[in-house]
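Colleague: predicted model, plus sequence, below.
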Amino acid sequence: MEEFTNENIDLNKLPHYQEITLTAPHPNYWKVILINIFIFLFLTGAGLTLFLIFNDEVKPQRLFIIGAYLIIVILIFVLYRASFKKRGFALREKDIIYKSGIIAETTTIVPLNRIQHVALDEGIFSRIFKLGKLQIFTAGGQSGHLHIGGIEIEKARSIKEMLLRKLDQIETLAENQ
Amino acid sequence: MNYDFSKPQRQSGFGIILMAANTLQHLIRALIFPLIIAFAKLDKQYLAYIGLGLLGLLIILFVYSYFNYRNFTFFLDEQKQEFVINKGIFNKTQLTVQLDKIQQVNINQNLLQKIIGIYGLKVDTAGSEGQEVSIKAIDEEIANSLREHLLSRKSIANNETSTPKTASVQEDIPFLKVSLGTLFKVGLTSNYGSTIALLLAFIYPVFHNAKEFLKAFDMDKGQVENAVESLFTLFSIGILVAVFLFLILAINVIRTLVKYFDFHISKHKHSLLISHGFFAKKNTLLSPNKVQITSYSQNYFQKKMNLLNMNLKQASSGEAKKGKDLESNNLQIPGCNPTERDELIKMIMGEIPAQGKTFLPNWRFLNLPIFFRVVFPVGIFMILWAYIPALKPYYPAAIIYFLMAIPMIFISYKRHRLTVNKEFIVKRSGIWDVNHSLLFPHKIQAITTFQYPWHKGVDVGHVNLHTAAGVIHFKYGNYTEIKKLVNYWLYQIESGSEEWM
């Protein structure tokens, strides 16, 4: 058995998760997001156009509808841009931190010894820019998972390898106890 | 008696009957209306063919069940510490369960199994695959012995860590029993929601099927609707509501009595043995360290009767488990008194949470609910009220809604609090049912904190604690304090070596 200590903990001396400097997603990731938004807008826009052409009843209101659509488009861009600026992740010795959020600022922290498995996801557009999405799964269900997009693929791979090594370490440690 | 589980074994031979009966039940359920319609509509000369067809189906069913039985084997791999099930006729499947991933082993008996005299055994795992590991037909002694073997690895592990004090406790003496009277009280005071859902789920198909049935006989001239309408005119709405309420209460009481009949918990080595049920007997062996969240709730009536409902939540494997399976992850203990509750908490968590630091939400907690639940709907009603004459007589409903919703939101704000000390986290919430959730920090899987931009100035934020049995929310707290707490919990999770299951 290890030597047992039970010192008083000074809460203010614990490491602060909120003061860590975060790694922002790669600038190219914004392009990937833009492509995805454009595809979405193109499809909805095409649908709307067809609707306006073939539906005589709404024709008088079409200026209003187009205006509303444009406002939504601008809103989507502004919100996504703002959320892109907020994003960032950090890897600490014992946990991984991810900050995101469209309106609210959300920080999720997953301790490394609670990770169930790790996956690396490369979308078509992400692959063009050599980016990847790191997915970290916990037993905490859907809301407890982490999906960190926009990491350079090489870096993402090395992080994944590192996490898997850590997982192995933790597991053997637990078994040797 | 000892059984050797290291060699592949089959189920009890009665399993053939059981499997055939199960499939038959599904078939009948799916075919009953088409069959009745066929009988009613077809010429009498075809009846013989239908009968023959059904007989053929029955024979195929038995042959199929027989091969299913032949191909279903299970064994225990002592070396690899795995439980292996092989099954399938055309698609062969092998299910492998690592023994240390087993959460609980249930031995159940439904009505048919009771008649034949066999039991069903089900293994609950924490894996995310959501595969069902169950043996449908097994003798009682073999089932008990198998359960011991399946859970044996853990009791060895537990022996090393737990104090020897518990070993001297006599086995299988129930320390918690729920009497019929208590169950009656519980039935009167809780679980209305699920009973209403059940009632609606029952009424709708009856209504729907009755219509189909009449349609088949070319008799549908709106009788069903007429019957419902005349029912409404016969009784005034008030009486109907009273009848409905009475029905809910009656069904609730009966449901509780049937489900939790003869409920008792006993200590069984290092696990808890929970058994209950009138028609279908349910035995669950549960090891305390697999419980993720221990919660208890009490409403106003129950408080007067000194009664509590407890809920032991275990790890659920995400979306794979729903409805019935989710229930098996949440072990309900209906009706215990505060002393029994404390004893159970002591069994599961080691000790009763001592006083800790209490965190209260900011008054801004009230803003969003008041806007979305009160101002917004009432506002829409008022706009409609101004334009639609038919709505004029209904304005008292809006006033009543307004007067009821505001205090309810205020109560939920007053009840919302988080208590933290060195070992525990206790979250209190609720409007009618006041719910306390207790958990250890080391059961946390991930932590999320978030803040709306407009709350930055006033230092208000939220925290979600993700556990394997659900999320614990604490809303509108002091964000600086929340951050401090999160740092402390992270320190506890990351420096400790306690396993979360």
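Modeller: Good, I have the coordinates.
Colleague: residues contacting B:R10?
Modeller: B:Y69, B:R70, B:F72, B:T73 (C-beta atoms under 8 Å, 6 or more residues apart in numbering or on different chains). Using the backbone N, CA and C atoms, a C-beta is placed for each residue, glycine as well.
Colleague: again, only this time at 6 Å
Modeller: B:T73 (C-beta atoms under 6 Å, 6 or more residues apart in numbering or on different chains).
Colleague: for the residue nearest the centre of chain A, helix, strand, or coil?
Modeller: Nearest to the geometric centre of chain A sits A:I148, at 3.8 Å (C-alpha atoms, centre = their mean). Recorded secondary structure, A:I148: strand (DSSP: H, G, I helix; E, B strand; the rest coil).
Colleague: equivalent analysis for B:F74, please.
Modeller: With three-state DSSP as the basis, B:F74 sits in strand.
Colleague: for whichever strand or helix holds B:I239, name the packing helices and strands.
Modeller: Per DSSP states H and E: B:I239 is located in helix B:237-260. The contact analysis (3 or more C-beta pairs under 6 Å, 6 or more residues apart in numbering or on different chains; DSSP states H and E) places helix B:237-260 against helix B:180-189, helix B:192-216.
Colleague: can you redo these as JSON lines, where the extra columns are mean neighbour count and distance to B:K267?
Modeller: Shown next, in JSON lines, are these (neighbours: other C-beta atoms under 10 Å in any protein chain shown; distance: least, C-beta to C-beta, whole Å):
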{"stretch": "helix B:180-189", "mean neighbour count": "18", "distance to B:K267": "21"}
{"stretch": "helix B:192-216", "mean neighbour count": "13", "distance to B:K267": "30"}
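Colleague: which of these sits closest to B:F33?
Modeller: Closest approach to B:F33 among the helices and strands packed on helix B:237-260 (C-beta to C-beta): helix B:192-216, 6.2 Å.
Colleague: which elements pack onto that closest one?
Modeller: If you count contacts as 3+ C-beta pairs under 6 Å, 6+ apart, helix B:192-216 packs onto helix B:237-260.
Colleague: and the helix it packs on with helix B:192-216, angle?
Modeller: Here helix B:237-260 runs at an angle of 110 degrees relative to helix B:192-216 (axes from the mean of the first three to the mean of the last three C-alpha atoms, to 10 degrees).
Colleague: other residues contacting helix B:237-260?
Modeller: For helix B:237-260, the surrounding residues in contact (C-beta under 6 Å, 6+ apart) are B:L183, B:V186, B:G187, B:T195, B:H276, B:F278, B:P334.
Colleague: list of residues touching the helix or strand immediately after that helix in the chain?
Modeller: Using DSSP H and E, the helix or strand that follows helix B:237-260 in sequence is strand B:263-268. Here strand B:263-268 makes contact (C-beta under 6 Å, 6+ apart) with B:V169, B:D172, B:I173, B:P174, B:L176, B:K177, B:V178, B:L272, B:L273, B:I274, B:H276.
Colleague: report the buried residues of strand B:263-268.
Modeller: In terms of neighbour count (16 or more other C-beta atoms under 10 Å in any protein chain shown), strand B:263-268 has its buried residues at B:F263, B:I265, B:S266, B:K267, B:H268.
Colleague: how about stretch B:250-258?
Modeller: So stretch B:250-258, judged by 16+ other C-beta under 10 Å, has buried residues B:I251, B:N252, B:V253, B:T256.
Colleague: could I get the residues you listed as CSV with pLDDT?
Modeller: Converted to CSV, the buried residues of stretch B:250-258 look like this (pLDDT from 0 to 100):
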residue, pLDDT
B:I251, 86
B:N252, 87
B:V253, 89
B:T256, 87
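Colleague: how about the helices in chain A?
Modeller: A:28-54, A:62-86, A:124-128, A:153-176 (DSSP state H).
Colleague: what mean pLDDT does the shortest one have?
Modeller: Within the predicted structure, the mean pLDDT of helix A:124-128 is 86.
Colleague: what's the answer for the last one, then?
Modeller: Averaged across helix A:153-176, the pLDDT comes to 83.
Colleague: with stretch B:35-55 instead?
Modeller: 77.
Colleague: look up how far B:P377 lies from B:F371.
Modeller: Counting by C-beta to C-beta, to the nearest Å, the separation of B:F371 from B:P377 is 10 Å.
Colleague: equivalent analysis for B:L61, please.
Modeller: Taking C-beta to C-beta as the measure, B:L61 and B:P377 are separated by 54 Å.
Colleague: who has more neighbours out of the two?
Modeller: B:L61 (17 against 14; other C-beta atoms under 10 Å in any protein chain shown).
Colleague: if I pick the more buried one, what's in contact with it?
Modeller: By C-beta under 6 Å, 6+ apart, the contact set of B:L61 is B:A20, B:T23.
Colleague: again, 7 Å this time
Modeller: Going by C-beta atoms under 7 Å, 6 or more residues apart in numbering or on different chains, B:L61 touches B:A20, B:T23, B:L24.
Colleague: doesn't it lie inside a strand?
Modeller: No - checked against three-state DSSP, B:L61 lies outside a strand; its state is helix.
Colleague: longest helix anywhere in chain B?
Modeller: helix B:15-41.
Colleague: give me the low-pLDDT residue ranges for chain A?
Modeller: A:1-9, A:174-177 (pLDDT under 70).
Colleague: output the set of residues of it in proximity to chain B.
Modeller: Residues of chain A lying close to chain B by C-beta under 7 Å from any C-beta of the partner chain are A:11, A:14-18, A:94-95, A:101, A:103-111, A:113-114, A:138-144, A:174, A:177.
Colleague: these in strands, which ones?
Modeller: Using DSSP state E, the subset of these located in strands is A:D95, A:E105, A:T106, A:T107, A:T108, A:I109, A:V110, A:P111, A:T138.
Colleague: of those, keep whichever come out buried.
Modeller: Using 16+ other C-beta under 10 Å, the buried ones in those are A:D95, A:E105, A:T106, A:T107, A:T108, A:I109, A:V110, A:P111, A:T138.
Colleague: in CSV, list these along with distance to A:A156.
Modeller: Shown next, in CSV, are these (distance: C-beta to C-beta, whole Å):
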residue, distance to A:A156
A:D95, 18
A:E105, 24
A:T106, 21
A:T107, 20
A:T108, 18
A:I109, 19
A:V110, 16
A:P111, 20
A:T138, 18
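Colleague: of all those residues, which comes closest to A:F42?
Modeller: The closest of these, once distances to A:F42 are taken by C-beta to C-beta, is A:T106, at 29.2 Å.
Colleague: looks like that closest one contacts A:S100 (just checking).
Modeller: Yes - with contact defined as C-beta atoms under 7 Å, A:T106 and A:S100 form a contacting pair (5.6 Å).
Colleague: coming back round to it: spatially, which two of the contacts of helix B:237-260 are the most separated?
Modeller: Taking C-beta to C-beta, no two of these sit farther apart than B:T195 and B:H276, at 18.0 Å.
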